[in-house]
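Enquirer: my questions are about this predicted structure, shown below with the sequence.
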Amino acid sequence: MSSGRILVVEDDFDISNMLRIYFTGQGYQVEVAARGGDALEHTRKQLPDLIVLDIMLPDMDGYTVCKKLRTTTRTSHIPIIFLTQKDERSDKIAGLELGADDYITKPFDIEELKLRVRSAIRAHQRLNMTDPKTGLPSGRLIEEQLRDLMRAEEWTFILVGIDHLDLFNDVYGFVAGDEVLRFAAMILNEAVDQFGTNNDFLGHASNDTFAIITYSDEMTQLVGHLRQRFDEDVRTHYNFMDSERGGIALPDGTTGPFMSISVGVVAHSDGPFADIREITETAAELRRAERGQKEQTGEER
């Protein structure tokens, strides 16, 4: 199992390549961006668990990258460690004031950086801020965003559940199931990036459930894109025999359904709502109703 996903933002190839090789050897998935704009593009497509960010970049400085990440709802929670040749106290303070989690100066001790990376990722997970399988916000961060809805307008809350993930785990194992969760997180990010706004939020609410808060007027397109992408690509997680059969072969000789998604959508205009529990329970009930309807009509295969 991966130790986490790291994005290294560094324009010095020798340093970035060394960090990529070293942290890959430590069990991390490592992506590299040589420019600030590339880093922002990476985070829109797939959220890392941590960013190692150089301050001196060819297109924009690391402070600007950090500020953009911290002021975009979907990326505001990602731990950031500044990596720089600057050693002035004022530079460190400037970085930390922007919301960086740590600061290390070149030349650096790779073992020290490893410990700081591991500590930052574990701290976020321990505080129930991110899910270790997908890197998406969870627990407390989702609750904070839901509380903000009580003071906001023109929002839509979307609860997305993966149906029959438990059955898939029983047959294929939890490692394969975790890959499905990461696949779902990827296409959720893709849908929000394409049809959402910078203020939208995406979280991993429970093992098989994700939450989207969007302020976009293209909610219908967002959900439609999500359904299409999931249905098109989820079968790649099954073996050839099950794919050809049209479902999972069960011990009793029957065939179990493929995974699909069911969605519950609640909008600000559906209110007023007394509290956040009323919003989440309404969305969960709508999601269960959709799943039940699919089971009755046999749409899952």
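Expert: The structure has been received and is ready for your questions. Numbering: from 1, shown residues only.
Enquirer: stretch 199-211: which residues count as buried?
Expert: 199, 200, 201, 202, 203, 204, 205, 208, 209, 210, 211 (16 or more other Cβ atoms under 10 Å). (Each C-beta comes from the backbone N, C-alpha and C, glycine too.)
Enquirer: ok, now stretch 220-239?
Expert: 222, 223, 225, 226, 227, 229, 230, 234, 237, 238.
Enquirer: repeat for stretch 111-129
Expert: Buried residues in stretch 111-129, counted by 16+ other Cβ under 10 Å: 113, 116, 117, 120, 121, 124, 125, 129.
Enquirer: out of the residues you listed, which comes closest to residue 101?
Expert: Nearest to residue 101 out of the buried residues of stretch 111-129 is residue 120 (Cβ to Cβ; 5.2 Å).
Enquirer: so what's that closest one up against?
Expert: Going by Cβ atoms under 8 Å, 6 or more residues apart in numbering, residue 120 touches 50, 79, 81, 101, 102.
Enquirer: switch to 10 Å and redo it
Expert: Counting by Cβ atoms under 10 Å, 6 or more residues apart in numbering, residue 120 makes contact with 4, 49, 50, 51, 52, 78, 79, 80, 81, 101, 102.
Enquirer: just checking, which of those belong to strands?
Expert: Among those, the members falling in strands (DSSP state E) are 4, 50, 51, 52, 80, 81, 102.
Enquirer: which one of those sits in the busiest neighbourhood?
Expert: Neighbour tally across the ones in strands among the contacts of residue 120 (other Cβ atoms under 10 Å): the maximum, 30 neighbours, falls on residue 51.
Enquirer: any chance of the buried residues of stretch 220-239 in JSON lines, plus distance to residue 176?
Expert: Formatted as JSON lines, the buried residues of stretch 220-239 follow (distance: Cβ to Cβ, whole Å):
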{"residue": "222", "distance to residue 176": "27"}
{"residue": "223", "distance to residue 176": "26"}
{"residue": "225", "distance to residue 176": "25"}
{"residue": "226", "distance to residue 176": "21"}
{"residue": "227", "distance to residue 176": "22"}
{"residue": "229", "distance to residue 176": "19"}
{"residue": "230", "distance to residue 176": "16"}
{"residue": "234", "distance to residue 176": "12"}
{"residue": "237", "distance to residue 176": "7"}
{"residue": "238", "distance to residue 176": "9"}
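Enquirer: which of those fall within helices?
Expert: The helices, defined by DSSP state H, take in 222, 223, 225, 226, 227, 229, 230 from the buried residues of stretch 220-239.
Enquirer: closest one to residue 188 out of the residues you listed, please.
Expert: residue 226 (6.6 Å).
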